[in-house]
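Visitor: Sequence and predicted structure below; questions after.
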Amino acid sequence: MSQEDNSVKPWGGRFSEATDAFVERFTASVDFDQRLYHHDINGSIAHATMLASVGVLTNEETSSIIDGLETIRSDIEQGNFNWLVSLEDVHMNIEAELTKRIGTTGKKLHTGRSRNDQVATDIRLYLRDEIDAVAKELTRLQQGLLTIAEREANTIMPGFTHLQTAQPVTFGHHLLAWYEMLNRDYSRLMDCRKRSNQSPLGAAALAGTTYPIDREQTSQLLGFSQPTRNSLDSVSDRDFAIEFTAFAALLMTHLSRASEELVLWTSAQFNFIHLPDRFCTGSSIMPQKKNPDVPELVRGKTGRVNGHLVSLLTLMKSQPLAYNKDNQEDKEPLFDTIDTVKDCLRAFADMIPALEANRESMYEAAKRGFSTATDLADYLVRKGIPFRDSHEVVGKSVAYGIEQGKDLSEMSLQELQQFSSIIDNDVFDVLTLEGSVSARNHIGGTAPQQVLNAVKVAKTDINSR
Ligand code: ARG
């Protein structure tokens, strides 16, 4: 990056001395906003096309501008573009280079436009593409979850509350709980896409422009659903960036919760699942270690995304209308949010289908901790005992089990009858883990049949995206 005097600056006319070298660097955004180049060029092409169709530029001028912009695009793509800090940002770098390449006509591109509506257009276009990429990865992860949930519809594990064994559930059911969280994230993402997909182009600096521009046309050319409706709002609004980051923060929170469970489950103490070696790393000192780094990092990266949400909210909270230079600070948090979310989704979408369930360990764990105690209480209620009394009876049987080192299902009928004479041989149907899960056979319940139904419904839902 090199530095030059103000004569190269598109706004240099009213200035009598060169920008301070530090200020030049301090105010520049080209280091990070150059990633908008593709969308900046698309926005410029739409603008130039519209200017020709309303008679502000000739067709020849517009063709020359478009050709020039396309050569610039391909040079940038091949790494042959010299970005200058003295030209501040992606917009002025491309425009100055255009004039260098095609001459005076290049200077006409900015007619009826400002960097304020230009940058607002660029970020919306860029974000729209990234939203689509994120949606694809999110869908891939959800599909992976459905595959494993279906495979593990009959696998029994302990369900927890307070991280204490509560009632048996099926592993497929647990995975479908993650699926539901992600499904809400998907719908939030689509909702955010709708509001992002509107064209601010034509708002110019803040008040609109005196040229007979056609905002419907540029909006259509760029694939937006409609032009935004107020020029002041158009150049100052960054809600779409905040909404996306809010979506991302909640998605990361969900991935982080799932990560936490994966980390617990891979530990020797739980030993519920096996993650293939390619998703893990070792320790430089402890030879026996295999660490679940991928879920740990996803859990860790949640912090930075949550931080970006707070950054963006704080960035906007005191800005008067319309555009302020503060807005340049929207990019790094937004870009990092996009990069982080895409990486984390990719890691999860690759990892989840490779996950193996240690079915015996899960089953053994569900047998410990009296997870069918509620089933025994419900059994007594069906035999006419009020729930509070049956709760008491079962509590006593559990205390006896702890003393004897026996699960409820391991006690003899005589042992169980010490606590209630109503208990009969049919009690063993409800005390087994299989009986317990398959009895919860209603929408949203943990029964294997319900898991399979839910997978089916989800697959139809996902295929209609
Ligand atoms: N680099 C600027 C940004 O990111 C572009 C808009 C600058 N507009 C201006 N009036 N200084 O927001």
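Guide: Cool, the structure landed.
Visitor: Only C-alpha atoms from now on, for both contacts and neighbour counts.
Guide: Noted.
Visitor: nearest spatial neighbour of whichever residue of the chain sits closest to the ligand, skipping sequence neighbours?
Guide: For the chain and the ligand, the shortest gap (C-alpha to the nearest ligand atom) falls at residue 328, measuring 3.6 Å. Nearest non-adjacent residue to residue 328, counting by C-alpha to C-alpha, 6 or more residues apart in numbering: residue 29, 7.2 Å away.
Visitor: and if you look at residue 250?
Guide: residue 185 (7.3 Å).
Visitor: how about the host helix or strand of that neighbour: buried residues?
Guide: Per DSSP states H and E, residue 185 falls inside helix 171-196. For helix 171-196, the neighbour count (16 or more other C-alpha atoms under 10 Å) marks 171-179, 182-183, 185-186, 188-190, 192-193, 196 as buried.
Visitor: what do you get for stretch 238-247?
Guide: For stretch 238-247, the neighbour count (16+ other C-alpha under 10 Å) marks 238, 240-247 as buried.
Visitor: Between those, which sits nearest residue 223?
Guide: residue 240 (16.7 Å; C-alpha to C-alpha).
Visitor: Surely that closest one is in contact with residue 192?
Guide: Yes - Residue 240 lies in contact with residue 192 (C-alpha atoms under 8 Å); the separation is 6.6 Å.
Visitor: secondary structure class for residue 252?
Guide: Assigned by DSSP: H, G, I helix; E, B strand; the rest coil, the conformation of residue 252 is helix.
Visitor: mean confidence for stretch 431-447?
Guide: Stretch 431-447 shows a mean pLDDT of 96 in the predicted model.
Visitor: ok, and what's touching it?
Guide: Under the criterion C-alpha atoms under 8 Å, 6 or more residues apart in numbering, residues 156, 168-170, 173, 366-367, 372-373, 375-376, 408-409, 429-430, 448-451, 454 lie in contact with stretch 431-447.
Visitor: got the CA coordinates for that stretch in PDB?
Guide: Extracted C-alpha coordinates of stretch 431-447, given in PDB (Å, rounded to 0.1, in the frame of the first residue of the first chain):
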ATOM      1  CA  LEU A 431     -39.900 -50.500  35.000                       C
ATOM      2  CA  THR A 432     -37.800 -51.400  31.900                       C
ATOM      3  CA  LEU A 433     -36.100 -48.600  30.000                       C
ATOM      4  CA  GLU A 434     -37.800 -49.800  26.800                       C
ATOM      5  CA  GLY A 435     -41.300 -49.700  28.400                       C
ATOM      6  CA  SER A 436     -40.500 -46.200  29.800                       C
ATOM      7  CA  VAL A 437     -39.600 -44.600  26.600                       C
ATOM      8  CA  SER A 438     -42.200 -46.300  24.400                       C
ATOM      9  CA  ALA A 439     -45.000 -45.300  26.800                       C
ATOM     10  CA  ARG A 440     -44.300 -41.600  26.000                       C
ATOM     11  CA  ASN A 441     -46.000 -42.000  22.700                       C
ATOM     12  CA  HIS A 442     -47.500 -38.600  21.800                       C
ATOM     13  CA  ILE A 443     -46.400 -35.700  19.600                       C
ATOM     14  CA  GLY A 444     -43.100 -34.400  21.000                       C
ATOM     15  CA  GLY A 445     -42.600 -37.500  23.200                       C
ATOM     16  CA  THR A 446     -39.500 -39.600  23.400                       C
ATOM     17  CA  ALA A 447     -41.000 -42.900  22.100                       C
END
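Visitor: Following the chain past the helix or strand residue 403 falls within, name the next helix or strand.
Guide: Element membership for residue 403 (DSSP H and E) is helix 387-404. The first helix or strand that comes after helix 387-404 along the chain, using DSSP H and E, is helix 413-417.
Visitor: Show residues contacting that next one.
Guide: 397, 423-425.
Visitor: Give me the buried subset of these.
Guide: Buried, going by 16+ other C-alpha under 10 Å: 397, 423, out of the contacts of helix 413-417.
Visitor: and of the contacts of helix 413-417, the nearest to residue 321?
Guide: Comparing the contacts of helix 413-417 against residue 321 with C-alpha to C-alpha picks out residue 397 as the nearest, at 69.4 Å.
Visitor: SS state for residue 48?
Guide: helix.
Visitor: To clarify, my last question referred to residue 206.
Guide: Of the three states, residue 206 takes coil according to three-state DSSP.
Visitor: The one 5 residues further on too?
Guide: Under three-state DSSP, residue 211 falls in the coil class.
Visitor: So what does it have for phi and psi?
Guide: Dihedral angles phi and psi of residue 211 (degrees, to the nearest 10) take the values phi -80, psi 150.
Visitor: I'd say it and residue 113 touch.
Guide: No - contact criterion C-alpha under 8 Å: residue 211 and residue 113 do not qualify, at 9.6 Å.
Visitor: What is the distance between the helix or strand of the chain with the lowest mean pLDDT and the centre of its chain?
Guide: The helix or strand of the chain with the lowest confidence, counting by mean pLDDT, DSSP states H and E, is helix 427-431 at a mean of 92. Centroid separation for helix 427-431 versus its chain: 44 Å, with C-alpha atoms, centre = their mean, to the nearest Å.
Visitor: which intervals of the stretch 151-300 of the chain have sub-threshold pLDDT?
Guide: The stretch 151-300 of the chain contains no residues with pLDDT under 70.
Visitor: Show the residue spans covered by the strands in it.
Guide: Along the stretch 151-300 of the chain, the stretches classed as strands by DSSP state E, counting those that start in this stretch are 156-161, 164-170, 198-199, 226-227, 273-274.
Visitor: what does the last one contact?
Guide: Strand 273-274 is contacted by residues 262, 265-266, 355-358 when judged by C-alpha under 8 Å, 6+ apart.
Visitor: Just the buried ones from the residues you listed?
Guide: Taking 16+ other C-alpha under 10 Å as the criterion, what is buried in the contacts of strand 273-274 is 262, 265-266, 355, 357-358.
Visitor: And those residues, which is closest to residue 77?
Guide: For these, the residue nearest residue 77 by C-alpha to C-alpha is residue 355; the value is 38.1 Å.
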